[in-house]
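A.B. asks: predicted model follows, preceded by the sequence.
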Amino acid sequence: MTDWSDFLRDFHQRHPGITEDVLAHSHFTGRSPYQWLVEATTPSARTLDLACGSAPMAAEGRGRPWIGLDRSPSELSRAARHPNTAYVVGTASHLPFTDAAFDVVVCSMALMLLEPLEACVREVERVLAPGGRLVALTPGGGSVLTLRDQARWARLLVRLRRARLTYPNRSAPSSLVERASRGRWALLADERRRFAFEMERDGDALRLVDSLYLPGVDPRRLPRARALARTWVGSDLGIPLRRVVMVRRG
C-alpha cells in the first residue's frame with residue numbers, strides 16, 4: 001500500500017515547482033490553468049492559496065490580500081521569489097487561521113491529495129467567511145481529450161506499466177460537488193477543459209514525465225517513458241482539468 005505522505009514529501013523535495021513548470025505552459029484559448037482559476041475569484045478578496053506549492057497563483061492574484069500555505073519547505077523556498085506575498089508552513093487538516101479569515105480559498109491540483117479529506121473540507125468551511133468561495137482545480141478525466149491525446153496517454157501509461165494515474169482521493173472533486181447538495185455549500189460551477197501543453201524541446205517532454213505522481217514505479221520504466229515523450233516534441237499533449245467553484249452559505 002502506498003504511503004502517500006512520504007511519497008509526496010520526497011517528490012516535492014526533489015522537484016519543487018515542477019507542476020507549475022508544466023501547467024504554466026499549458027493553455028486553453030490563450031489562458032493558463034492558473035488564470036482560469038483566478039477568473040472565478042474577486043480582485044479584492046482575502047485569499048488563501050491552499051497547498052500553494054511554488055505559488056504560481058501569487059503572480060495571477062497580484063494586488064490582492066494573499067496568503068499561501070504548504071507543508072513543503074522546498075516548494076515554499078521557490079515560492080519566495082514572488083514579492084509582497086506571505087507564506088505559512090502548515091497542513092490543510094489543521095489550518096493556522098481564525099474563523100472566517102478569508103473570502104476565497106483556492107486549491108490548485110492538490111484537492112485529490114489531501115488527507116483526511118473530510119477534515120480538510122471542514123477546515124476550509126471554518127476559515128471561509130459566509131458567502132466566501134472555494135475554487136479548486138483538479139485532474140479532469142479523459143472526456144475532454146482528443147483521440148490523439150487519449151492514444152498518447154495510453155502509450156505513456158503502458159511504458160510505465162500503469163493502468164491509470166492514481167491519487168489518494170481520486171473521487172475528491174465529485175465528493176466536493178456532492179457536498180454542495182447537503183446544506184452549507186452552493187455549487188456555482190463544475191467545468192472541464194483541455195489545456196494544451198506545448199512540447200517545444202526535449203526538456204519539456206522530460207518535465208512532463210517527471211511531473212507525474214508515480215509512487216512505486218519501477219525506475220527502469222522512466223527512461224522508456226521519457227524516450228516516448230521526446231517523440232512528441234514539436235506538438236502538444238492535452239491535459240484534462242476540472243474547475244469546481246462553490247460558495248459557503250451563511
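C.D. replies: Done, it's in. Numbers count the residues shown, from 1 in each chain.
A.B. asks: from here on, contacts and neighbour counts on C-alpha atoms
C.D. replies: Noted.
A.B. asks: for this structure, which segments count as strands?
C.D. replies: Along the chain, the stretches classed as strands by DSSP state E are 26-27, 47-50, 66-70, 86-89, 102-108, 128-139, 185-199, 235-248.
A.B. asks: what is the second one packed up against?
C.D. replies: What it means is strand 47-50. Contacts defined by 3 or more C-alpha pairs under 8 Å, 6 or more residues apart in numbering; DSSP states H and E place strand 47-50 against strand 66-70, strand 102-108.
A.B. asks: compare those strands and say which comes out lowest on pLDDT.
C.D. replies: With a mean of 93, strand 66-70 has the lowest mean pLDDT of the helices and strands packed on strand 47-50.
A.B. asks: just checking: what are the partner strands of that one?
C.D. replies: When pairing is defined by DSSP bridges, strand 66-70 lines up against strand 47-50 (parallel), strand 86-89 (parallel).
A.B. asks: may I have that strand as PDB, with CA atoms only?
C.D. replies: What follows is strand 66-70, C-alpha atoms only, in PDB (Å, rounded to 0.1, in the frame of the first residue of the first chain):
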ATOM      1  CA  TRP A  66      -3.000  36.700  -0.400                       C
ATOM      2  CA  ILE A  67      -1.500  34.000   1.900                       C
ATOM      3  CA  GLY A  68      -0.100  30.700   0.600                       C
ATOM      4  CA  LEU A  69       0.100  27.600   2.800                       C
ATOM      5  CA  ASP A  70       2.000  24.400   2.000                       C
END
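A.B. asks: where does the prediction get shaky in the chain?
C.D. replies: Filtered on pLDDT under 70, the chain yields the residue ranges 1, 61-63, 84, 180-181.
A.B. asks: list the residues that contact the residue nearest the centre of it.
C.D. replies: In the chain, the centroid-proximal residue (C-alpha atoms, centre = their mean) is M109; its distance is 1.1 Å. Contact analysis of M109 by C-alpha atoms under 8 Å, 6 or more residues apart in numbering lists A136, L137, T138, P139.
A.B. asks: just A189 next, same as before
C.D. replies: The contact partners of A189, by C-alpha under 8 Å, 6+ apart, come to R243, V244, V245, M246.
A.B. asks: same question for W185.
C.D. replies: By C-alpha under 8 Å, 6+ apart, the residues touching W185 are R179, M246, V247, R248, R249.
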